[in-house]
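Participant: structure of the sequence below:
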Amino acid sequence: MGWRERTRVLVGAWAVLFVAGCDSTGRGEEPAEPPAFEEPATETPVPEDVPRPPPEDPVVVTPVEPVPPPEEPRPPPPMFQPGFHQALRWSYSTGSVTFRLRVPVGRAGERVRLAFRAGDGSLVLRKATVALAGPNGSLASAPVAVTFSGTPGFSVAARTRVVSDPVPLPVQFRDELAVSFEVQGALGVSAIHALPGSYVRSGAYASVTGPLGGTPWDRAVGLATVDVEGTPARAFVALGDSITEGYIDELDDTRLAWPSVAEAQLGVPIVNAGVSGQGFYDALQNLDAEVLSLQGITDCVVLLGTNDLSALDMGSLKSRMNTLASRLQPFCRLWVGTLLPKEKSNHGSYEVVKQQRLEMNAWIRATFPDVIDFETVTRQPANVHLFLDGLEVDGIHPSAEGHRVMATEAARVLREAGVQPGPGVLLPAEGAP
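Facilitator: Predicted structure coming up:
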């Protein structure tokens, strides 16, 4: 077969194949689109002279412990602070007797601790109890035995101070306690009749729950201090002479003295270290035994100088006040009171007394940062040397109303300085509807 014949055969075969691929219209199927073709990604070349960033460090995840919520501040541990105190400067000797003293306490707590002080000779205490005070020398609660280093009593030499073991006895602010003790010998004693409602009876009767009987006795004797264990708070001691101790007349009561009245108004203890007849010299000589022996004191109020106005010049008055301040300031915050009007002088020139009292008060106001100005609230407006009517009993000592006025001023100053009632103390004015 020649090339022409072969060409005709191939063309015929192609025609047959073409007809077979056509539809009824004679058109063939459209070929499917080929898949899209993606160009392979190419990196842009980086010039060799451009620095490459360092490779990133791998991220390390450290587990974090959850932070616990902050703890509530823990309350401070309870501590003993004075709720009652008397400076027992003088001495009283007796045979075997039982005293039952009715004493107010200016602090609340769950336990008490008693401090006794001997007088100018040896003292034997055989037994002591404490309870809440009832009427007429009786007890309002069961008497609780007091021990001293685990023993029921003690025997000590002159002027020794003995502190008891803690005694479980819950007390409230301004409760009154009956402290009964069987003693013989010399006891420290106050100058004034400070504790009405107290009794003494010959013999051993410390555990009697009914009225003690015997004889009324109203001087602070033997019992120097009652400490109360409670939440730590402000605790004051007042230093002074008969004005602070609370002398008014022959029938006195420490509850009417300005420190006790201010205590009731403020709701914090203000215990009394006043001693009748005292001046700066005596206060300095007895400071360790009568003031610095107290534990838990935060503040001291000093009202001294009246008895020194005729005996010392201004240089000596200032020097002794500064010495007293320097000894007290490491121990407590110091508050200084101005001297009350003095309508007469029992010793020395009254003219000297008047002049030096004014100079002393001016110096106190200019020198000490914390001053309670007792003179301003007790003097007559027209005459600085005279008391307001009704505030004095003898031209030197304030009356019960005078003590109340002094207490109100002390409470005002201390309250404005931030003194608040002790823990759990609700004062009548605050609790009234």
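Participant: how about the strands in the stretch 201-350 of the chain?
Facilitator: 215-216, 223-230, 236-240, 270-272, 299-303, 333-337 (DSSP state E, counting those that start in this stretch).
Participant: can you put those strands in CSV and add mean neighbour count, mean pLDDT and distance to Thr254?
Facilitator: In short, each C-beta sits where N, CA and C put it, glycine included. Output for those, formatted as CSV (neighbours: other Cβ atoms under 10 Å; pLDDT from 0 to 100; distance: least, Cβ to Cβ, whole Å):
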stretch, mean neighbour count, mean pLDDT, distance to Thr254
strand 215-216, 10, 97, 16
strand 223-230, 26, 98, 12
strand 236-240, 26, 98, 11
strand 270-272, 28, 98, 6
strand 299-303, 24, 98, 15
strand 333-337, 21, 98, 18
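Participant: turn the ones you listed into JSON lines, columns for distance to Glu263.
Facilitator: Formatted as JSON lines, the strands of the stretch 201-350 of the chain follow (distance: least, Cβ to Cβ, whole Å):
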{"stretch": "strand 215-216", "distance to Glu263": "25"}
{"stretch": "strand 223-230", "distance to Glu263": "13"}
{"stretch": "strand 236-240", "distance to Glu263": "8"}
{"stretch": "strand 270-272", "distance to Glu263": "4"}
{"stretch": "strand 299-303", "distance to Glu263": "11"}
{"stretch": "strand 333-337", "distance to Glu263": "14"}
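Participant: quick one: which of those is nearest Glu110?
Facilitator: Closest approach to Glu110 among those is made by strand 223-230 (6.2 Å; Cβ to Cβ).
Participant: pairing partners for that closest one, with directions?
Facilitator: strand 79-85 (antiparallel), strand 109-132 (antiparallel) (DSSP bridges).
Participant: which of those strands sits most buried?
Facilitator: Among the strands paired with strand 223-230, ranked by average contacts under mean count of other Cβ atoms under 10 Å, first place goes to strand 79-85 (a mean of 26).
Participant: tell me the angle that strand makes with strand 236-240.
Facilitator: 40 degrees (axes from the mean of the first three to the mean of the last three Cα atoms, to 10 degrees).
Participant: quick one: average confidence on strand 79-85?
Facilitator: Per-residue pLDDT over strand 79-85 has a mean of 98.
Participant: tell me where the stretch 151-300 of the chain has helices.
Facilitator: Taking DSSP state H, counting those that start in this stretch as the criterion, the stretch 151-300 of the chain carries its helices at 242-245, 258-266, 280-285, 287.
Participant: closest to His347 out of those helices?
Facilitator: helix 242-245 (13.7 Å).
Participant: what sits against the nearest residue to Phe368 once chain neighbours are set aside?
Facilitator: In this structure, Phe368 finds its nearest non-sequential neighbour in Val336, 4.5 Å apart by Cβ to Cβ, 6 or more residues apart in numbering. Going by Cβ atoms under 8 Å, 6 or more residues apart in numbering, Val336 touches 301-303, 321, 325, 364, 368, 370-372.
Participant: at 10 Å instead, please
Facilitator: Taking Cβ atoms under 10 Å, 6 or more residues apart in numbering, we find Val336 in contact with 300-305, 321, 324-325, 364-365, 367-373.
Participant: ok, now how distant is it from Val393?
Facilitator: Distance of Val336 to Val393, computed by Cβ to Cβ, to the nearest Å: 25 Å.
Participant: just Thr160 next, same as before
Facilitator: In terms of Cβ to Cβ, Thr160 sits 36 Å off from Val393.
Participant: and what of Val163?
Facilitator: 36 Å.
Participant: shouldn't Ser138 be in contact with Ser180?
Facilitator: No. Contact between Ser138 and Ser180 fails when scored by Cβ atoms under 10 Å: they sit 11.0 Å apart.
Participant: now name the helix or strand holding Arg107.
Facilitator: Following DSSP states H and E, one finds Arg107 outside all helices and strands.
Participant: which non-adjacent residue is nearest it?
Facilitator: For Arg107, ignoring the flanking residues on the chain, the nearest one in space by Cβ to Cβ, 6+ apart is Gly83 at 3.6 Å.
Participant: now do the same contact list for the one you found.
Facilitator: Contacts of Gly83 by Cβ under 10 Å, 6+ apart are 103-109, 112-113, 171, 173-175, 177, 225-230, 235, 263, 269, 271, 422.
Participant: one more pass at 7 Å, please.
Facilitator: 105-107, 226-228, 269 (Cβ atoms under 7 Å, 6 or more residues apart in numbering).
Participant: gap between Ala264 and Arg404?
Facilitator: The spacing between Ala264 and Arg404, counted by Cβ to Cβ, is 10 Å.
Participant: could you do Ala273 as well?
Facilitator: Counting by Cβ to Cβ, the separation of Ala273 from Arg404 is 21 Å.
Participant: give me the more crowded residue out of those two.
Facilitator: Neighbour count, other Cβ atoms under 10 Å: between Ala273 and Arg404, Ala273 has more, with 28 against 17.
Participant: state the pLDDT value of that one.
Facilitator: For Ala273, pLDDT reads 98.
Participant: do I have it right that it meets Leu239?
Facilitator: Yes. The criterion here is Cβ atoms under 7 Å, and Ala273 meets it with Leu239 at 5.1 Å.
Participant: which neighbours do the two share?
Facilitator: Val291.
Participant: what's the pLDDT at the closest residue in space to Asp165 that isn't next to it in sequence?
Facilitator: Spatial nearest neighbour of Asp165, excluding adjacent residues (Cβ to Cβ, 6+ apart): Thr147 at 4.7 Å. Looking at Thr147, its pLDDT reads 98.
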